[in-house]
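Asker: just the structure for this:
(6 chains)
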Protein chains: 4
Amino acid sequence: MDSERPEMTAEDHRTRVAAERRERMQARLVESALLVFGQRGMDASVIDELIRTAGVSRGTFYNYFRTNEDLLLAVSLAVSDEMMRVVDPLAQGESDPAARIAAGLRLFIALASDYPVLGAFLSRGGLRVLTDNSLVKEYLPRDLIESRNSGRIQVSDIDLAFDLVVGPTLTALHRMQSRPLPDGYTARLVSGILQALGLPSDEADSIAHRPLPRLELPSDSLLARACARVPQDGGSSEASR
Amino acid sequence: MDSERPEMTAEDHRTRVAAERRERMQARLVESALLVFGQRGMDASVIDELIRTAGVSRGTFYNYFRTNEDLLLAVSLAVSDEMMRVVDPLAQGESDPAARIAAGLRLFIALASDYPVLGAFLSRGGLRVLTDNSLVKEYLPRDLIESRNSGRIQVSDIDLAFDLVVGPTLTALHRMQSRPLPDGYTARLVSGILQALGLPSDEADSIAHRPLPRLELPSDSLLARACARVPQDGGSSEASR
Amino acid sequence: MDSERPEMTAEDHRTRVAAERRERMQARLVESALLVFGQRGMDASVIDELIRTAGVSRGTFYNYFRTNEDLLLAVSLAVSDEMMRVVDPLAQGESDPAARIAAGLRLFIALASDYPVLGAFLSRGGLRVLTDNSLVKEYLPRDLIESRNSGRIQVSDIDLAFDLVVGPTLTALHRMQSRPLPDGYTARLVSGILQALGLPSDEADSIAHRPLPRLELPSDSLLARACARVPQDGGSSEASR
Amino acid sequence: MDSERPEMTAEDHRTRVAAERRERMQARLVESALLVFGQRGMDASVIDELIRTAGVSRGTFYNYFRTNEDLLLAVSLAVSDEMMRVVDPLAQGESDPAARIAAGLRLFIALASDYPVLGAFLSRGGLRVLTDNSLVKEYLPRDLIESRNSGRIQVSDIDLAFDLVVGPTLTALHRMQSRPLPDGYTARLVSGILQALGLPSDEADSIAHRPLPRLELPSDSLLARACARVPQDGGSSEASR
DNA sequence: CATGAATGAGGGTTCATTCAT
DNA sequence: CATGAATGAACCCTCATTCAT
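Answerer: Presented below is the predicted three-dimensional model:
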């Protein structure tokens, strides 16, 4: 992997180093933006605060993003991507689509709870951002459709099912911003959602309280790094699962 | 209330006329602000557009409101007030608290549907504004508590119940902004909500589909006047009830 | 002129006063812009310097002009307008079109010499601005055409004649910026121009040396006011006629 | 120049190769700058466009020029130099200084016409750049003085003569930017200039219409290479001579 | 030398708020 | 009280220049 012709190596090296630096800077900016959007909202004038948070010059920002919205888009994508990579594999462990939905929601809320920066971002962004998330945009409808087709849920209109699922979840994210969710809250919320979809209450309850696998962030996690930079740090939130 | 001493009458008259003028101006500003907030959101730069919409000078605005947020507050209060005056009396017709919640939600959504200006405003405002609304802040918890205490619903945590009710409603308001809700959507949404709260599905369905009284706006309605000033006017939306 | 109905008078008064204030501010800005453009050129970043020169806030500028070019246009128009109102009536005293051209050019150069602010502006603007001037754009072609049609000049191509006239004039404006034109320079320049157009040298000389009427600026003169605000003031320049 | 001591040769070689590379890079930058200045003017933000045009990195630019103005100076010098090397030898063929001036002007204008990149550059630069040009700054005054001293022209003030010559020429360059000069335009312009200087019209005409030698660019011509890189290429412009 | 990321001063523009008339 | 000109802080964005690799 190393005994190349020297002149190739030199150039390769330079190129690779440069690309890595660029990538790290981009990550640093996205990470800072996640913080700032969470604190000030998506419509705030953000650039000044961002570059202070990232410890970077004005010009640097514009070397990476052409505009405010560009940045928001990038953050949304990065967040979405990381959530999917973390939550989805765990949720896919369930073969029952209703259980999959339940697990996904609980993990999702747990993630937002464990990483308050994420919660703040999603809560601030509201439906606008939440709907951009692959987790919500891709996986949820897919699981809802499968649930309906296999008769697991009684709601035929997928849009309607979507509203019944996403609405309470978002409201919970919002609530979480002012104070941590009480013990068992999330499971009971999800149970309610399943009942709204037409599952019998005892079954909903049992599904919503199954033990959950442990969330594991990737080593280069955006969320982990972003949270590490907030003054009051978010401890673990066993309670909210 | 009127047979005063004659020499006072002239002054009284002047005072009363002035007060009425002031009131009318205030109403005009709030009405315009409702439009503008609905179109551009709560964080937008609003004042220029507002005074143009109201056909009023900059200075006049500041004679009535000290600041941007002041205005938002006033609009929220006015909206809240009118909604309560319209929806609540009708909902109170139900003696079953669960049915009262169902009727309230359906009327609420129907109102937002009939008066798109209201829908836009509430959707744009999200939980931030919705939670300020007396309808939601006062009446809903009251009915939820009563329902729980009388065993009509199985959710003991009122906050949780609140999330299960408000979340889907808000999501529906949001959905409505891009396209009218399909026929019967609202009733089925409310049925789902009731099931989430623990009602059996057949009972939830039956309650959510009961005939509704007709909405009647007060003669000096803020909503009616605001909607009358929008280019494409909102027709009646029987469908969404 | 004053015994109107009182309520009309009051409003009229207010309206008129406001309009006058606005007009004065606009004049002040244009006047300052004339200075600044003359000192820094048309492409310079001008707004900061302008508002400092005018002693006015950033916002005020934008209440009157939407952009840099807007301002340049306004200044060009104002300058053009004043020049026409000053120079043209005097030049029209001549019935011979060639003599009219000669008088116009000499007065034009004398004006730029007497009011260095104008000279700087026109010199800096070069053909771009000069060609926008009605004096040059309207009157000169008209007189050239008349001269040609009556056989006073031998150049049939009006564009060519235009170049032969405008070119040296502009160069003289440029020269004037570094040091005052020597005595009789302008007359000799104009004589050369007339010869270029085909007049015999003795006739050209005689026409170019005729006594000139005295320049008289309007009482509210933009040029006078602008010059009055320059540190080293431009004295009279008998020499350059 | 070549029979050095053998042990030095290797180093010499390296040195010479490096120097040549440096020279080629410098030429490439100047060439690109000529294009860019011509397209965007002297005051435009130029460096980004320049390095894109030259296909070179930011840093490289600063290895050759310390600043923007440095670059403009270098381009002016290079342009001036090439023009002199092309035009002057041909003009010196005339023994009559007036004819020399005429030939120089016509060749100058023809050059700007044949190589639109040059025309754009000079027209954009105006007197600021034109006056820096050796052609104009050195040769023209010399010929004017000789003409005056030998009684060929009647204008005693050399500055005045200069204005009468340079002014129309510059205006013609400007005109040429919007549309090609009509047939014979240049000759007639030059005839007018000679008349302005005091030559009789028939003589001026005859001098200005003498056949011209053909322009021949050096093999490593800056102009040729620059023009070759412009999308729509400048064909030959026999017309304008 | 070549490279291109980083810098930050500088200029443009908006908009909530004040205040003299 | 109505008016609308004036204000200036706050933002957005560009681009000449530097510097580590």
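Asker: quick one: contacts of the helix or strand bottoming out on mean pLDDT in chain A?
Answerer: Across the helices and strands of chain A, mean confidence by mean pLDDT, DSSP states H and E is lowest for helix A:134: a mean of 79. Applying C-beta atoms under 8 Å, 6 or more residues apart in numbering or on different chains, the contact partners of helix A:134 are A:80-81, A:84. All C-beta spots, glycine's among them, are computed from the backbone N, C-alpha and C.
Asker: excluding its backbone neighbours, what's nearest A:Asp205?
Answerer: In space, and not counting its chain neighbours, A:Asp205 is closest to A:Ser191: 4.9 Å by C-beta to C-beta, 6 or more residues apart in numbering or on different chains.
Asker: show me what contacts that neighbour?
Answerer: Contacts of A:Ser191 (C-beta under 8 Å, 6+ apart): A:201, A:204-205, A:207-209.
Asker: spatially central residue in chain A, please.
Answerer: Residue closest to the mean C-alpha point of chain A, counted by C-alpha atoms, centre = their mean, is A:Met83 at 4.1 Å.
Asker: looking at it, it is touching A:Leu111, isn't it?
Answerer: Yes. A:Met83 lies in contact with A:Leu111 (C-beta atoms under 8 Å); the separation is 6.6 Å.
Asker: tell me the spacing between the closest residue to DNA strand E within chain A and A:Ala27.
Answerer: Closest residue of chain A to DNA strand E, C-beta to the nearest atom of the strand: A:Gly59 (1.7 Å). Here the criterion is C-beta to C-beta, to the nearest Å. By it, A:Gly59 lies 18 Å from A:Ala27.
Asker: the two: who's more crowded?
Answerer: Neighbours per residue, other C-beta atoms under 10 Å in any protein chain shown: of A:Gly59 and A:Ala27, the larger number sits with A:Ala27, 14 against 8.
Asker: and the helix or strand in which the more buried one is found, what's its mean pLDDT?
Answerer: Per DSSP states H and E: A:Ala27 is located in helix A:6-40. Averaged across helix A:6-40, pLDDT comes to 84.
Asker: on that earlier part again, list the buried ones in the helix or strand the residue nearest to A:Asp205 falls within?
Answerer: Secondary structure from DSSP H and E places A:Ser191 in helix A:185-196. Buried residues in helix A:185-196, counted by 16 or more other C-beta atoms under 10 Å in any protein chain shown: A:185-196.
Asker: what's the angle between it and helix B:185-196?
Answerer: When axes from the mean of the first three to the mean of the last three C-alpha atoms, to 10 degrees is applied, the directions of helix A:185-196 and helix B:185-196 differ by 130 degrees.
Asker: so how far is helix A:185-196 off the chain centroid?
Answerer: Mean-position distance between helix A:185-196 and its chain equals 20 Å (C-alpha atoms, centre = their mean, to the nearest Å).
Asker: tell me who's in contact with A:Val129.
Answerer: Contacts for A:Val129 (C-beta under 8 Å, 6+ apart) come out as A:42, A:72, A:76, A:121-122.
Asker: show me the shaky parts of chain A.
Answerer: Residue ranges of chain A with pLDDT under 70: A:1-12, A:231-241.
Asker: now do whichever strand or helix holds A:Arg106 against helix A:185-196, angle only.
Answerer: A:Arg106 belongs to helix A:97-114 when elements are defined using DSSP H and E. Per the same axes, to 10 degrees, the angle that helix A:97-114 makes with helix A:185-196 is 150 degrees.
Asker: quick one: helix A:97-114 near chain B?
Answerer: No. Using C-beta under 8 Å from any C-beta of the partner chain, helix A:97-114 stays clear of chain B, with a minimum separation of 11.2 Å.
Asker: give me the distance between the helix or strand following that helix and the centre of its chain.
Answerer: Per DSSP H and E, the first helix or strand lying C-terminal to helix A:97-114 is helix A:116-130. Averaged C-alpha coordinates place helix A:116-130 at 9 Å from its chain's average position (C-alpha atoms, centre = their mean).
Asker: got the CA positions of helix A:116-130 in PDB?
Answerer: Taking Å, rounded to 0.1, in the frame of the first residue of the first chain, the C-alpha atoms of helix A:116-130 are listed here in PDB:
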ATOM      1  CA  PRO A 116     -30.200  17.200  22.900                       C
ATOM      2  CA  VAL A 117     -28.500  19.000  20.100                       C
ATOM      3  CA  LEU A 118     -30.400  16.700  17.700                       C
ATOM      4  CA  GLY A 119     -33.700  17.200  19.600                       C
ATOM      5  CA  ALA A 120     -33.300  21.000  19.500                       C
ATOM      6  CA  PHE A 121     -32.600  20.900  15.800                       C
ATOM      7  CA  LEU A 122     -35.500  18.700  14.900                       C
ATOM      8  CA  SER A 123     -37.900  20.500  17.200                       C
ATOM      9  CA  ARG A 124     -36.900  23.900  15.900                       C
ATOM     10  CA  GLY A 125     -37.100  22.700  12.300                       C
ATOM     11  CA  GLY A 126     -40.600  21.200  12.800                       C
ATOM     12  CA  LEU A 127     -42.300  19.500  10.000                       C
ATOM     13  CA  ARG A 128     -40.200  21.400   7.500                       C
ATOM     14  CA  VAL A 129     -37.100  19.600   8.500                       C
ATOM     15  CA  LEU A 130     -38.600  16.500   9.800                       C
END
